[in-house]
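> Sequence and computational prediction follow.
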Amino acid sequence: MNLVSIVVPVYNEQDNIEFFYREVLKYMDPLPYQLEIIFVDDGSRDATPLILDRLAREDSRVRALILARNFGHQVALSCGLDHADGNSVITMDGDMQHPPEMLPQLLAKWEEGFEVVQTIRISTEGVSWLKSFTSSLFYRLINVMSNVRVQEGGSDFRLLDKKVVESFRRFNERARFIRGLVSAIGYRQVTMEFIAPKRFAGSSKFSVKKMLHFALDGITAFSKLPLRISFYLGLVFALASFGLLVHVLYIKLLTDEAVPGWATLSASILLLGGLQLLFMGVIGEYVGRIFEEVKQRPLYLIREEFNQCKAKK
Ligand code: UDP
Ligand code: MG
């Protein structure tokens, strides 16, 4: 019988886990699969690890990896994928925003032969207009700037075949934008739409700062365009300054007028100085990311494991 792994990163989700676990069983138990649920505790400071410990004692299908600190959602997901043993692996959030009732549909697509079943969130109940606006802006930006296609509303609720998980494990980068990686990885993919309900309990763990970092990770991981813009801008300014030079020479050599333009001079120095600093910042961003990558630090550290996972990277 095929084994299905469900990977769930959780960060301070004490009021969600039990309900989530019961809902997953409600939809998975009738299906003809063996099951393992791998919770990755991303450095929670509430009772999450205690609840996971208890669940793991009660049910041997529940495994839990307790990370040494908060490593972030994408890293916690990767940790779960590294340890999942299933013939197919489903990743989902533990707050009920990725509806467990869709599990049978994802698995049905897998049975049809698809190796990646990607869900697309067409809307989220009760989300602020600011979050949906910035999110849609981000997807437009990343699609214009990079050569991977990431569909708007792409979520980390997806099914991956074992083969895809094994390929995914070979991507070693630290700053991870899993949606982009999965889209770039190929294989037979299919998408499925859903409406994300409100969180069951608690509040979103993504602060504005975390969202910004996430967006930057996505863009810098898949696009060199920010680095190239300075080249194109430089080209434009070089051409413009050549035009200006011709104009100055014309006035100097062929007329009696004095060459005007102190204001132009200071304005252009300010503009160019500003642009240079701006693009030094852009280069710095990429250099910083290279620095992070070359250190080759471990992606995550596991403090404790309940019901040892079989698969290891
Ligand atoms: N999460 C995590 N580490 C983090 C932030 C979030 O493991 O640093 C988990 C969180 O517990 C949840 C999932 O990732 O299961 C999605 O987070 P959240 O619901 O806060 O994001 P949102 O749905 O608001 O985008
Ligand atoms: Mg959520």
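All right, it came through fine. Residues are numbered from 1 along each chain as shown. Ligands and ions are numbered 1, 2, ... in the order given.
> from here on, contacts and neighbour counts on C-alpha atoms
Will do.
> now stretch 143-159: how far from the chain's centre is it?
9 Å (C-alpha atoms, centre = their mean, to the nearest Å).
> For the stretch 201-313 of the chain, what lies in contact range of ligand 1?
Counting by C-alpha under 6 Å from any ligand atom, the stretch 201-313 of the chain comes close to ligand 1 at 204-206.
> Columns pLDDT and distance to Pro298 on top of these, output as CSV?
What follows is those, written out as CSV (pLDDT from 0 to 100; distance: C-alpha to C-alpha, whole Å):
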residue, pLDDT, distance to Pro298
Ser204, 83, 27
Lys205, 78, 23
Phe206, 78, 23
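> Can you redo the residues you listed as CSV, where the extra columns are neighbour count?
Listed next are those as CSV, based on neighbours: other C-alpha atoms under 10 Å:
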residue, neighbour count
Ser204, 9
Lys205, 14
Phe206, 12
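> Among these, which one lies nearest to Pro9?
Each of those was scored against Pro9 by C-alpha to C-alpha, and Lys205 proved nearest at 11.5 Å.
> What strand or helix carries that closest one?
For Lys205, there is no enclosing helix or strand under DSSP states H and E.
> Show the contacting residues for the spatially most central residue of the chain.
Closest to where the C-alpha atoms of the chain average out (C-alpha atoms, centre = their mean) is Phe177, at 3.4 Å. Neighbouring residues of Phe177 by C-alpha atoms under 8 Å, 6 or more residues apart in numbering: 74, 214, 217-218, 221.
> Out of these, list just those in helices.
Using DSSP state H, the members of the contacts of Phe177 that fall in helices are 74, 214, 217-218, 221.
> that older thread, which one of the contacts of Phe177 sits in the busiest neighbourhood?
Gly218 (22 neighbours; other C-alpha atoms under 10 Å).
> which residues touch that residue?
Contact analysis of Gly218 by C-alpha under 8 Å, 6+ apart lists 142, 176-177, 180.
> Recalculate using a threshold of 7 Å.
The neighbourhood of Gly218, defined by C-alpha atoms under 7 Å, 6 or more residues apart in numbering, consists of Phe177.
> on that earlier part again, out of the contacts of Phe177, which is nearest to ligand 1?
Among the contacts of Phe177, Gln74 lies closest to ligand 1 (C-alpha to the nearest ligand atom), at 7.5 Å.
> isn't that closest one right next to Arg176, touching?
Yes. Between Gln74 and Arg176 there is a contact at 6.3 Å, judged by C-alpha atoms under 7 Å.
> Export the contacts of Phe177 to TSV and append columns for pLDDT.
Shown next, in TSV, are the contacts of Phe177 (pLDDT from 0 to 100):
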residue	pLDDT
Gln74	93
Phe214	82
Asp217	85
Gly218	82
Ala221	82
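> How many residues are close by Pro49?
Using other C-alpha under 10 Å, Pro49 is surrounded by 27 other residues.
> let me redo that: Glu305
Neighbour tally, Glu305, other C-alpha under 10 Å: 17.
> same check, this time on Lys163
13.
> likewise the one 3 residues further on?
Neighbourhood size, Glu166 [other C-alpha under 10 Å]: 14.
> All the helices of the chain, residue numbers only.
According to DSSP H, the helices that the chain contains are 17-28, 48-58, 73-83, 103-111, 129-145, 162-168, 178-185, 208-222, 225-254, 262-294.
> if I look at the residue nearest to the centre of the chain, how far off is Ile66?
Counting by C-alpha to C-alpha, to the nearest Å, the separation of Phe177 from Ile66 is 22 Å.
> what does Arg121 give?
Arg121 is 29 Å from Ile66, by C-alpha to C-alpha.
> Of those two, which one has the most company?
Under the criterion of other C-alpha under 10 Å, the comparison of Arg121 against Ile66 puts Ile66 first, with 25 against 20.
> pLDDT score assigned to that one?
Confidence at Ile66, expressed as pLDDT, is 96.
> That one reaches Glu304, doesn't it?
Yes. Contact criterion C-alpha under 7 Å: Ile66 and Glu304 qualify, at 5.1 Å.
> Residue numbers of the stretch 1-150 of the chain in contact with ligand 1?
By C-alpha under 6 Å from any ligand atom, the residues of the stretch 1-150 of the chain that approach ligand 1 are 9-11, 13, 42, 70, 72-73, 76, 93-95.
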